[in-house]
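Student: What follows is a predicted structure for the sequence shown.
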Amino acid sequence: MAKPSSRSEIVARIERIAALIPAARRLVGESRPLDLGILALAIADLRDAVRAAPAPDAAGLAPRIAALQADLDALESELVAARPADGPAVRRAAIRAYDGGRST
């Protein structure tokens, strides 16, 4: 079993995640592709670190984590708003792209 993270290590994880959010927002605003895999891994790592931390090390972090959650919720809202309309033309284009333009 790995050594539990210290409070400073948990805070560093929170700060790393918080730093990823503005970059993700920028990509969304520019309609550029966004891979949320790294963010998802960082969040899972933070979750595991907080769960494994001794109570004194995790004490008092709830407001910072709640603020981070609010920022992530706002990012989710921006992603949903930026999602293109899924009309029939979009679906047909996606199908053509997926099958390489082959007709069946």
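Tutor: In hand now; what should we look at? What you see is a predicted model, and the numbers here were worked out from it, not measured in a lab. Residues are numbered from 1 along each chain as shown.

Student: where in the chain is pLDDT low?
Tutor: Applying pLDDT under 70 to the chain picks out residues 1-2, 84-87, 90-91, 93-94, 98-104.

Student: Quick check: next helix or strand after the helix ranked longest in it?
Tutor: Longest among the helix segments of the chain by residue count, using DSSP state H, is helix 7-29. Going down the chain from helix 7-29, the next helix or strand is helix 37-52, by DSSP states H and E.

Student: what does that next one rub up against?
Tutor: For helix 37-52, the external contacting residues (CB atoms under 8 Å, 6 or more residues apart in numbering) are 2, 4-5, 9-10, 13-14, 16-17, 20-21, 24, 58, 61, 65, 72. C-beta: built from backbone N, CA, C; applies to glycine.

Student: After that helix, which helix or strand is next?
Tutor: helix 55-58.

Student: From the contact counts, what lies against that following helix?
Tutor: The contact analysis (3 or more CB pairs under 8 Å, 6 or more residues apart in numbering; DSSP states H and E) places helix 55-58 against helix 7-29.

Student: what angle separates the helix it packs on from helix 37-52?
Tutor: Relative orientation of helix 7-29 and helix 37-52, computed by axes from the mean of the first three to the mean of the last three CA atoms, to 10 degrees: 150 degrees.

Student: Could you check how far the residue nearest the centre of the chain is from residue 78?
Tutor: Most central in the chain under CA atoms, centre = their mean is residue 39, positioned 4.0 Å from the mean C-alpha point. Distance, residue 39 to residue 78, using CB to CB, to the nearest Å: 13 Å.

Student: Report how many residues lie close to residue 57.
Tutor: Residue 57 is flanked by 19 other residues according to other CB atoms under 10 Å.

Student: need the contact list for the closest residue to it other than its chain neighbours.
Tutor: What sits nearest to residue 57 in space, not counting adjacent residues and going by CB to CB, 6 or more residues apart in numbering, is residue 7, at 4.2 Å. By CB under 8 Å, 6+ apart, the contact list for residue 7 reads 53, 56-58, 61.
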